[in-house]
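Visitor: got a predicted structure here, sequence first:
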Amino acid sequence: MLTAHPLFAPALASLTLGLAPFAPEPHLWGKLLWVAGGAVGMQAMDWFDLAMHGAPWLWLLYAAGRLVLKRRVAKAA
């Protein structure tokens, strides 16, 4: 049976939901710049929005880290 790569779903979610809307700049990037600028004027909805657009990226980092650890353990054994 053919199975998808373990990073396929998190990468797809990150590149679609994590970056949408794409114009004029990715939404997540705008929120991160806002936070880096001191988060002046950010309301609860903006923080929630940052969490929702950042979640796929955290999932991708988690999946990639898990894959690396699994390969290291297999290589050590």
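Guide: That came through, no problem.

Visitor: now for whatever helix or strand Trp59 lives in, which elements pack on it?
Guide: In this assignment (DSSP states H and E), Trp59 forms part of helix 44-76. On a contact count with 3 or more Cβ pairs under 8 Å, 6 or more residues apart in numbering; DSSP states H and E, helix 44-76 meets helix 8-16, helix 27-36. C-beta here means a position set from N, CA and C on the backbone, and glycine is covered the same way.

Visitor: what's the closest of those to Leu58?
Guide: helix 8-16 (9.1 Å; Cβ to Cβ).

Visitor: next, the angle helix 27-36 makes with the closest one.
Guide: Orientation of helix 8-16 against helix 27-36 (axes from the mean of the first three to the mean of the last three Cα atoms, to 10 degrees) gives an angle of 70 degrees.

Visitor: what distance separates helix 8-16 from the centre of its chain?
Guide: 8 Å (Cα atoms, centre = their mean, to the nearest Å).

Visitor: tell me what that helix is packed against?
Guide: Contacts defined by 3+ Cβ pairs under 8 Å, 6+ apart place helix 8-16 against helix 44-76.

Visitor: flag every buried residue along the helix it packs on.
Guide: Buried residues in helix 44-76, defined by neighbour count with 16 or more other Cβ atoms under 10 Å: Asp49, Leu50, His53, Pro56, Trp57, Trp59, Leu60, Ala63.
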